[in-house]
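Visitor: Coordinates for the following, if possible.
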Amino acid sequence: MLVSGLNTQMTRWELSFCNQLVEEGFRVICFDNRDCGKSTFTTDRSNDIHSFSLNDFLQHPEKHTAPYSLMDMADDIGDLLHSLGIQRAHIVGRSMGES
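Guide: The predicted model follows:
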């Protein structure tokens, strides 16, 4: 499972990289996070999750009221894997915010 960063489409993963993984015997799954690429988009952009500093969010989660959280986005991955009948997966992510 290849997870692109916040506000980044799944097409950011180079096709040659995906092909290398397939040649090694892996089933490669890419998807668009919420509000990116061809996913659905929220209409409430008043406190957009993509504008948050991860450090600030982790230190002061109570002041952030986005329509969904990073945990919701993580649950999306679990839901996708479940709907595909996949019980175990390697998950590779990049650029999901500041550290």
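
Visitor: Centre of the chain to stretch 78-94, how far?
Guide: Relative to its parent chain, stretch 78-94 has a centroid offset of 12 Å by CA atoms, centre = their mean, to the nearest Å.

Visitor: Now it: buried residues?
Guide: Neighbour-count burial for stretch 78-94 flags Leu81 (criterion: 16 or more other CB atoms under 10 Å). Any C-beta I mention is one placed from the backbone N, CA and C, and that applies to glycine too.

Visitor: first to last residue in that stretch, what's the distance?
Guide: One end of stretch 78-94 to the other measures 17 Å (CA to CA, to the nearest Å).

Visitor: for it, what is the average pLDDT?
Guide: Computed over stretch 78-94, the mean pLDDT rounds to 93.

Visitor: now stretch 19-28
Guide: In this model, stretch 19-28 has a mean pLDDT of 97.

Visitor: Could you number the chain from 11 rather than 1 from now on?
Guide: Fine by me, first position is 11 from now on; the one you just mentioned is stretch 29-38.

Visitor: Can you list the neighbours in contact with it?
Guide: Contact partners of stretch 29-38, identified using CB atoms under 8 Å, 6 or more residues apart in numbering, comprise 12, 28, 100.
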